[in-house]
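# Just the structure for this:
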Amino acid sequence: MKRHTNLLLLIAVVLLAALPLWLVKAPAGPDGQPAGIFGGADNQAREMITKINPDYRPWFQPLLEPASDEIASLLFALQAAVGAGFIGYYLGMIRTRQKMRQAQAKEAEKDHRAD
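Numbers count the residues shown, from 1 in each chain. The predicted model follows:
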């Protein structure tokens, strides 16, 4: 039962993250075209570099380019969530180990006193 509950919760989290990105409508920009609502600092930096030096050529090209800014934002958020999950798991594991060691030490102390 617990495994099914965890799976359902995971599906719900993925849907809550993906559905808003899929359903959101981009507002019209000044030229009447849809504006990029998920553009980040990378796009702003690229535009600024192009303004400063129009002949600039990047050193390399990305191996995989996301299809849209929305997908890039989703991947970034997913990366942050996975990283936070690993950090939380690690801290919880360390804390549990510490509690178990303390409990074992108390048991050993009780046994030693009983002898």
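# Tell me where the longest helix sits in the protein.
helix 69-114 (DSSP state H).
# tell me what that helix is packed against?
In terms of contacts (3 or more Cβ pairs under 8 Å, 6 or more residues apart in numbering; DSSP states H and E), helix 69-114 is packed against helix 2-23. Glycine gets a C-beta too; all of them are placed from N, C-alpha and C.
# Off-centre distance for the helix or strand following the helix it packs on?
Remark: after helix 2-23, the chain's next helix or strand is helix 41-52, criterion DSSP states H and E. In terms of Cα atoms, centre = their mean, to the nearest Å, the centre of helix 41-52 is set 24 Å apart from its chain centre.
# Helix 41-52: which residues count as buried?
Within helix 41-52, no residue counts as buried by 16 or more other Cβ atoms under 10 Å.
# what's the angle between it and helix 69-114?
With axes from the mean of the first three to the mean of the last three Cα atoms, to 10 degrees defining the directions, helix 41-52 sits at 140 degrees from helix 69-114.
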